[in-house]
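S.K.: Okay, sequence plus prediction incoming.
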Amino acid sequence: MRFSLFSLARQALGGHARWPAQWRSPEPKAAYDAVIVGAGGHGLGTAYYLAKAHGLRNIAVVEKGWLGGGNTGRNTTIIRSNYLWEESEAIYELSVKLWETLSDELNYNVMYSPRGVMMLAHTVHDIQVFKRHVHANRLAGIDNEWLTPEEAKAFCSPLNISPKLRYPVLGAALQRRGGTARHDAVAWGYARAASALGVDIIENAEVTAIRRDANGAVEGVETTRGTIKSKKVGVVAAGHTSVLMNMAGVRMPLESYPLQALVSEPVKPVLSCVVMSNTVHAYISQSDKGELVIGAGTDAYTSYSQTGGLHVSAHTLDAICDLFPTFRRMRMMRNWGGIVDVTPDRSPIIGLTPVPGLYVNCGWGTGGFKATPGSAYVFAATMARGEPHPVAAPFALERFTTGRLIDEAAAAAVAH
Amino acid sequence: MADRIVGRRSVLDGLVLPARNGIVSVIEATPAARFIYRGDPGLIGDAFGIALPTTPMQARASGARAALWLGPDEWLLLAAASEATTVAAAVAGKPAALVDVGHRQVGLSVSGPRAAALLNAGCPLDLDEAEFPVGMCTRTILAKAEIVLWRTASDAFRMEIARSFAPYVVAFLVEALHGIDR
Amino acid sequence: MAGLHRTNGGGRIDRKKRLSFTFDGKSYEGVAGDTLASALLANGVHLVGRSYKYHRPRGILSAGAEEPNALVAVDRGDGRSAPNLRATQVELYDGLVAESQNRWPSLAYDVGAVNGLFSPLLAAGFYYKTFMGPRLLGSNWAWHKIYEPLIRRAAGLGKAPTQPDPDRYANGFAHCDVLVVGAGPAGLAAALAAAESGARVILCDEQAELGGSLLSEWSIEIDGVPAAAWLAEAVRTLAASPRVTLLPRTQAFGYFAQNFVALAERLTDHLAKPEPSAPRERLWQVRAKHVVLATGAIERPVVFPDNDRPGIMLADAARTYVNRYGVRCGSRAVVVAACDSGYATALDLRRAGVDVAMIVDPRPSGGSAVSGAVKAAGIAVETGATVIATRGRQRVSAVQIGRATSGTWVRCDHVLMTGGWTPSVHLFSQSRGKLAWDEAAQAFLPASVAPGQSQRSVGACRGAFGIAAALEDGFAAGGEAVGWAARARDFKVASDVADFSGVLGASNPGAHESKAFVDFQHDVTVRDLKLAAQEGFRSIEHVKRYTTTGMATDQGKTSNLNALAIVADHLGKPVPAVGLTTFRQPYTPVTFGTIAGASRGDLFDPVRRTPCDGWAQAVGAVFEDVGAWKRARHFPEGSEDMHAAVARECRIVRSAVGMFDASTLGKIEVVGPDAAEFLERLYINPFQKLGVGRCRYGVLLNEAGFIIDDGVIGRIAADRFHVTTTTGGAARVLNMMEDYAQTEFPELKVWLTSTTEQWAVIAVQGPKAREVLAPLVEGVDLDATAFPHMSVKAGRICDVDARIFRVSFTGELGFEINVPADYGAAVWEAVWREVQKHGGCAYGTESMHVLRAEKGFIIVGQETDGTVTPDDVGLGWAIGKSKRDFVGLRSLSRPDIVRSGRKQLVGLLTADPKLVLEEGAQVTAEAKPRVGTPALGHVTSAYWSAKLGRSIALALVADGRARIGARLNIPMPSGDVSVDVVAPVFLDPKGERLNG
Amino acid sequence: MLLIHCPYCRMARPESEFRYGGEAHVVRPAEPANVSDADWAAFLYMRANPKGIHAERWRHVHGCGRFFNALRNTVTDQILRTYPAGTPQPALDAHAEDGR
Ligand SMILES: Cc1cc2nc3c(=O)[nH]c(=O)nc-3n(C[C@H](O)[C@H](O)[C@H](O)COP(=O)(O)OP(=O)(O)OC[C@H]3O[C@@H](n4cnc5c(N)ncnc54)[C@H](O)[C@@H]3O)c2cc1C
Ligand SMILES: NC(=O)c1ccc[n+]([C@@H]2O[C@H](COP(=O)([O-])OP(=O)(O)OC[C@H]3O[C@@H](n4cnc5c(N)ncnc54)[C@H](O)[C@@H]3O)[C@@H](O)[C@H]2O)c1
Ligand SMILES: Cc1cc2nc3c(=O)[nH]c(=O)nc-3n(C[C@H](O)[C@H](O)[C@H](O)COP(=O)(O)O)c2cc1C
Ligand SMILES: [Zn+2]
């Protein structure tokens, strides 16, 4: 059933009794043409584009828990494409373009809200780095502009630009097309659209082994709901990627860290944009429901625990309270963590692996929500054709051997 | 040349140290010669006047001299300013490291019945006397600064703080004192 | 009497201490001991808020932390305002000003209530299905421009404060043998037992008074004395124990790994006139050897149509209001009790003079233990029935009692419901303990403690209901925690209630689901939950997110279990098969201020200042932040702007002399027989043969082969090096060195000591540098041959022992004087007097940057960005050619590092000499590049060079060295700029000046 | 805030005094010049990142300054054992992960 104001009104009259399930919950079949491991936004999106753009229909997405329950369901939803290196610009900008029409594409309101992402500069070094981004982005046709502190304040009225701040705001880089989207809706929208195209989404099925044939090529996965055969397996499991790839004997350049976020109690609109400060460690926006959504840091150590230490959130709240002194009496309502898969150069790994038929899309770390549509799009093409999509090619695993890293962290250390 | 002789200026000059009658007081510890000794503790022998403690987190003091265990191969040596050269001579020529840190850090004495409570506003260690007895010393943290903490008496501590962090530590203690009562 | 509805005596209030307060501008009176909620109820005020979505009138549901409805804003003026406070937890003080929220223009007449008309449209998840299109404008346009702003305005509850918070917040780290959370009977007994052994005990409770449920007991006797007397004695005993810390008004909000528990203590919010400097709240970070959780249980509402009208409340809350606060919540009650505790409530109300019209019990056979007493009191009991409808606009006026759809209407002015009790397992679950479903208790109970935690749950929070049971459970756990394994004690409790199980879910499934509320705060109804399940949201986590049940400020304390049961019922699964959503901290919301504590202003991060900084401040230097340091950026004279000041400073350094505070540079004393070998293995440069008294410019890579730090390294003695690092890199480099020394090369005899703060460093640079220093220095021959460039000598300056380096980061003749830090200021002033005599000046970091750029010296972090190798920036020469290994060497032969086309450091000269490029500007081959043209590189540094009378720039450009002589383009918004590629040394390439 | 037992201080201390140092027992090749690009990349970047027992490095940076190793369960974050750097990874007995 198509979603629209009209269908909503009609169903309302009928007491909403006839809305169908948004996605099917089928029993797993014995074999598929392609199996995606991990029903996060990236995995579901990959299945959707495989079905939509590449004509594959016999696809399963296998998920150990509930779809969208990984980092897709626990991130601070910041979307932007003003990255530094050309390779990054290409994939993140492809994503933003897809965000712009995604609700329509999926017939699901993912609430993409290009309300502007403002990144604060607090030091002379920050200014140099951000201006480098602004210039690089302009050349790539990506909007990103430089604001004075006064302009930053005008764009975001609760911001404290007093020169007496411990680290005063010296300016900001603003990407107006940056913003947020509703995390859950992205997972659900892709799930519904993929399911409608015939993709089987199999929840509560944890992959416990990756099977390989005599030649070493992939021949399927074992799950807690039985063995599923497939000659094409794509691992899109974020924080759990090392564990899965280990099942196929592949060691990965990944470390999994708990990254925290928190929300305040909901209040009437006070913050109309997204504000990020990497120097003092603060990431904040206000959701449509009214909570301040705040991104904290990762714990120092690798962990699969989906929680983290209080000192990590405290560190961020120090900064929020300094930048937004009016928020000091606001209250934290919920604090949670996700497990992020961090690569040495803070860029993702997309593509083929040493195991024939096994593909991987991971390493999005603290910043892959924004890339969901673009990543899924190029990964689907990569899996369908058996060779990297041009936008994905630079992100191949081989770069760690050649040394051709795409080091967003070194250049700016801005990752959200 | 007398006009060239310049005076020593403590980083604490001009700062008001926190104090509240009958509860806690903070004063600057007398300036001292300070060295970091690194290497085999045996090499120093009795030359410093005190054998270096090899039990973790132990300080040994005698008069103005003290040796504080900071790590298995690291000690902080304190002595009267006038004794600086004697200390240096004790290690001369030995395969070890003696580094003058007399100006690297400053000392604060925190004392009074609520001294531990004040420090616990920023120090995460258990300062109960049973857990942190007199004579125990260690590097640790106080809020966002690193310190060396040494309990010199039941209700007294000596803190050593890197020079540029001292104003922060003082300001933190001034702030924290507002939260100390009882 | 403060409030018409006050009983004549009893309770824990002080009827003589009258307090006045206002709610929505209207004045009322309460008494000491009241909460805002009890005081409002005493005044007959039930309507206190509007619901989130439909703006339905809402009253006070509970008497504690679980309150979903009665959220108010309290404003104390001067920025001291707070939204979303639960009236049930706001302690009354004289002059309190409270406002209701989420209504306009007023609570009684709220325009937003029209939403109720659209409620059929506003079903769960409606916003995912609409607000898209029109396709023409892209699916996003209407959403972002029209719908989203409307939704945002409608959403949210209270208003954020608009002024900065003036209050301060404290912090305390605490350790104890036993932390007891919750001071009800179970917690008190645990604390008493633990304290007896002399253990260190902390007992905290979020309420103003210790006692928990005992505070609401009127008829119960413990060990032969009334509950209140027993409580008073218990608190007295604990307070008298020196090793016990009692923390009322202190919520345990987070339970982390290894028994680390975070508490939030409210210090002043309850005071009418707090001391202005006193902290408002305190964060306690407790590390406990053992934790005893005695957090009690929360009563469950009963789900029936229109169960949200003001006046419909939890039964035990009404009991608390009457017994503890002396407040009758109305005069005629209907009690809906699916649990025996509701019967006890009816009895207590009757005693207090409330007319209890009827007890309605959905259980087919009704209550057991107390039903005799209820019958004796003449209260009618209707079993197997429930409420099927209610009436009353802003206060309930009647309920319809029946089975299925028909029944009789009963007039009343309040309805008291209990669906049983949900043990408060929040903290247990946060500690990663495992819960298990308990069929008898109809609840999840703690099952196994997580590894690494040492914890026990006692009393109602683990299903040990009944006061005697709670006391005995608590006492045993308290003893066990301190190692008194077999300690047990019998408590004699008269007229105890023991059955608290109740029924879960909707008591009358099917009827008018659209207005049968489960999550009051988020207006989630039975119908919403069923719709979610129907639409395929089968995981309870999906249901939660689709309907937002349990996601409001109360985090579903009263609703989660009912929601779960309703979904389980709909899916035809047992409750445990549907699972629970995750409990997360905080237990109830905690102010940001409490968590941030003292970290504000200059305490946000230490402000590090150099020994010479006072002088710079006094002369009006402008500072910049570099790491935690404040560094003087320039020293403006008169009305000079930075540009003018820097041009002047640079000119004077090149023509006369300048002095610069380089104290922030990291310094590490590397000592030991193997010191040279150690540096040899870390740095790209050779060090073994460096003579004593000589210096070398060292470059440090990471193992990936990229530059991470640099600095001058001087050999002080055969076994002693003075290593300098960048300001920002000091701690990182020391850590890296320790790492290699301890774990990679433990066989080397070398020791590292940070001396960054031991030395004040004063750079004196310029043709007159020697003349400036000569009169101050003793014991050092400053002559060019005796003291050549790149050497170091020990000597005295101003009678102070010093290490004097002949080094130059400006390209001029230069010295860097290291003196012990406490002498830094005085020596600086002495040098300044000399500098002045030679027409010199002080210069800041900005001029330092210009001066070094004129010479083509790199700054790590500016010319490099973590992707740059020595060869890229023309430092290939520094690599010790005969070295077989050093950190990063192997990486320098990786394919991408040896390929052609890497970016290399070059100089750029603009065709227009007046034009200073912007740092970060991109470099392209052609002018007017098409969008998407890959850049050849970027400008890393760009300045006005006063010496050269033109602008200069450094850039990293692909194949840059091969392009020297070529013309390239800088695309700028204002137009393209053409530049000539030149070698990256603009001044004195032979180094004649610095060797002077 | 983990509680970490420092084998040099012989005392459990709060995490804030420590700095995490990544996977332990990653051996730097003795003759880097002789290893292949792939092996060098493995040394630089490839990590076990297990879900379960992890041998990892910590430094008691705001304490005794020593680097040491720890075995930690990355699911529960419980630290089961700490041991000096340079010593082999100890075997764990069956009761290592008991609640107490
Ligand atoms: C707190 C936080 C804040 C963030 N903030 C931002 C932000 O502001 N902007 C941004 O762009 N990004 C942000 N991110 C990062 C972003 O969330 C992720 O990069 C992105 O969501 C990853 O999506 P995914 O689909 O790859 O992974 P996930 O959504 O994590 O999906 C992976 C799925 O794989 C499943 N899985 C794992 N193992 C198995 C197995 N053995 N068998 C079957 N299934 C398995 C998991 O259950 C999971 O559902 C943040 C992340 C966190 C944690
Ligand atoms: N209607 C009734 O008769 C009724 C209702 C409830 C309980 N009870 C009785 O009380 C007994 C329960 O005793 P108990 O001691 O287990 O519970 P309790 O309810 O008496 O005490 C729990 C205490 O824990 C506090 N608390 C909860 N969470 C907290 C947190 N996170 N931080 C700080 N404080 C927190 C609460 O404020 C409360 O004071 C029951 O067994 C029952 O007999 C009776
Ligand atoms: C953008 C965003 C907004 C959120 N808003 C709320 C909220 O209003 N209320 C709430 O209880 N949780 C909110 N959450 C947190 C979720 O409840 C939940 O904690 C998160 O999805 C992680 O799942 P977990 O806590 O079940 O592990 C939000 C999460 C995100 C990502
Ligand atoms: Zn230690």
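M.R.: Happy to help now that I have it. Ligands and ions are numbered 1, 2, ... in the order given.
S.K.: only C-alpha atoms for contact and neighbour calcs from this point on.
M.R.: Fine.
S.K.: mind showing which ranges of chain A have poor pLDDT?
M.R.: A:410-416 (pLDDT under 70).
S.K.: Do you have the helices of chain D handy? List them.
M.R.: D:37-45 (DSSP state H).
S.K.: swap in the stretch 51-200 of chain C?
M.R.: For the stretch 51-200 of chain C, the helices defined by DSSP state H, counting those that start in this stretch cover C:126-129, C:141-142, C:148-154, C:185-196.
S.K.: Need the winner for burial among these.
M.R.: helix C:185-196 (a mean of 29; mean count of other CA atoms under 10 Å in any protein chain shown).
S.K.: Who are the packing partners of the following helix or strand past that one?
M.R.: Moving toward the C-terminus from helix C:185-196, the next helix or strand (DSSP states H and E) is strand C:201-204. Counting contacts by 3 or more CA pairs under 8 Å, 6 or more residues apart in numbering or on different chains; DSSP states H and E, strand C:201-204 packs against strand C:169-181, helix C:185-196, strand C:244-247, strand C:250-256.
S.K.: Quick one: closest of those to ligand 3.
M.R.: With CA to the nearest ligand atom, the closest approach to ligand 3 among these belongs to strand C:250-256: 13.5 Å.
S.K.: ok now stretch C:378-392, how far from the chain's centre?
M.R.: Computed by CA atoms, centre = their mean, to the nearest Å, the chain-centroid distance of stretch C:378-392 equals 47 Å.
S.K.: now stretch C:329-344
M.R.: The answer for stretch C:329-344 is 42 Å, by CA atoms, centre = their mean.
S.K.: just stretch C:208-225 next, same as before
M.R.: 37 Å.
S.K.: So for that stretch, what gets flagged as buried?
M.R.: C:208, C:210-218, C:220-222 (16 or more other CA atoms under 10 Å in any protein chain shown).
S.K.: got a list of contacts for that stretch?
M.R.: For stretch C:208-225, contacts defined as CA atoms under 8 Å, 6 or more residues apart in numbering or on different chains pick out C:11-12, C:91, C:182-185, C:188, C:205, C:226-228, C:230-231, C:235, C:248-249, C:319-320, C:323-324, C:348, C:491-496.
S.K.: how far does it stretch from start to finish?
M.R.: 23 Å (CA to CA, to the nearest Å).
S.K.: Does C:Gly133 touch C:Asn140 like I think?
M.R.: Yes. If you go by CA atoms under 8 Å, C:Gly133 and C:Asn140 touch, sitting 6.6 Å apart.
S.K.: Of the two, which one has the most company?
M.R.: Higher neighbour count among C:Gly133 and C:Asn140: C:Asn140, with 25 against 19, using other CA atoms under 10 Å in any protein chain shown.
S.K.: ok, that one - contacts?
M.R.: A:Glu100, A:Thr101, A:Ser103, A:Asp104, A:Met111, A:Tyr112, A:Ser113, C:Met132, C:Gly133.
S.K.: could I have the top helix by length along chain B exported to PDB, CA atoms only?
M.R.: Taking DSSP H as the criterion, chain B has its longest helix at helix B:166-177. C-alpha atoms of helix B:166-177 as PDB (Å, rounded to 0.1, in the frame of the first residue of the first chain):
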ATOM      1  CA  ALA B 166      49.400  25.000  39.100                       C
ATOM      2  CA  PRO B 167      47.100  28.000  38.500                       C
ATOM      3  CA  TYR B 168      44.400  25.500  37.300                       C
ATOM      4  CA  VAL B 169      44.800  23.300  40.300                       C
ATOM      5  CA  VAL B 170      44.600  26.300  42.600                       C
ATOM      6  CA  ALA B 171      41.500  27.600  40.800                       C
ATOM      7  CA  PHE B 172      39.900  24.100  40.900                       C
ATOM      8  CA  LEU B 173      40.500  23.800  44.600                       C
ATOM      9  CA  VAL B 174      39.100  27.300  45.200                       C
ATOM     10  CA  GLU B 175      36.000  26.200  43.300                       C
ATOM     11  CA  ALA B 176      35.800  22.800  45.000                       C
ATOM     12  CA  LEU B 177      36.000  24.300  48.400                       C
END
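S.K.: which secondary structure elements does it contact?
M.R.: Using 3+ CA pairs under 8 Å, 6+ apart, helix B:166-177 sits against helix B:115-119.
S.K.: count of residues packed around the residue lying closest to B:His178 once chain neighbours are set aside?
M.R.: Computed as CA to CA, 6 or more residues apart in numbering or on different chains, the closest residue to B:His178 that is not its neighbour in sequence is C:Ala278, at 6.0 Å. Here the count is done by other CA under 10 Å, and C:Ala278 has 17 residues near it.
S.K.: Same check on C:Glu439?
M.R.: 11.
S.K.: related to what we said a few turns ago, of the contacts of C:Asn140, select the buried ones using a ChimeraX command.
M.R.: The following ChimeraX line selects those of the contacts of C:Asn140 that are buried, judged by 16+ other CA under 10 Å:
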select /A:100,101,103,104,111,112,113 /C:132,133
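S.K.: what ranges do the strands span in chain B?
M.R.: B:19-20, B:24-28, B:33-38, B:59-62, B:65-71, B:74-79, B:97-100, B:105-111, B:137-142, B:145-153, B:156-162 (DSSP state E).
S.K.: Contacts only, for A:Arg399.
M.R.: A:Leu405.
S.K.: how about it, phi and psi?
M.R.: phi -60, psi -20 (degrees, to the nearest 10).
S.K.: Give me the most central residue, chain D.
M.R.: In chain D, the C-alpha closest to the average C-alpha coordinate belongs to D:Glu56, at a distance of 1.7 Å (CA atoms, centre = their mean).
S.K.: picking up where we left off before, could you dump the strands of chain B to TSV with mean neighbour count?
M.R.: Formatted as TSV, those follow (neighbours: other CA atoms under 10 Å in any protein chain shown):
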stretch	mean neighbour count
strand B:19-20	16
strand B:24-28	19
strand B:33-38	24
strand B:59-62	18
strand B:65-71	24
strand B:74-79	24
strand B:97-100	25
strand B:105-111	23
strand B:137-142	24
strand B:145-153	22
strand B:156-162	22
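S.K.: who wins for proximity to C:Gly419 among the ones you listed?
M.R.: strand B:137-142 (49.4 Å; CA to CA).
S.K.: who does that closest one pair up with?
M.R.: Using DSSP bridges, the strands paired with strand B:137-142 in its sheet are strand B:145-153 (antiparallel).
S.K.: Give me the contact list for the strand it pairs with.
M.R.: Contacts for strand B:145-153 (CA under 8 Å, 6+ apart): B:59, B:132-141, B:157-162, B:165, B:168-169, C:606, D:62.
S.K.: Just give the closest residue to the closest residue to chain C within chain B, not the sequence neighbours.
M.R.: Going by CA to the nearest CA, chain C is nearest to B:Arg104 of chain B, at 3.8 Å. Counting by CA to CA, 6+ apart, B:Arg104 lies nearest to C:Gln758, which is 3.8 Å off, once chain neighbours are set aside.
S.K.: picking that back up, hmm, the residue of chain B closest to chain C is touching C:Ala821, no?
M.R.: Yes. Counting by CA under 8 Å, C:Ala821 is a contact partner of B:Arg104 at 7.0 Å.
S.K.: so what's in contact with those two at the same time?
M.R.: Shared contacts of B:Arg104 and C:Ala821, counting by CA under 8 Å, 6+ apart, come down to C:Glu757, C:Gln758, C:Trp759.
S.K.: By neighbours, which of those wins?
M.R.: That'd be C:Trp759 among the shared contacts of B:Arg104 and C:Ala821, by other CA under 10 Å, with 29 neighbours.
S.K.: Need phi/psi at that one.
M.R.: Main-chain dihedrals, C:Trp759, degrees, to the nearest 10: phi -110, psi 140.
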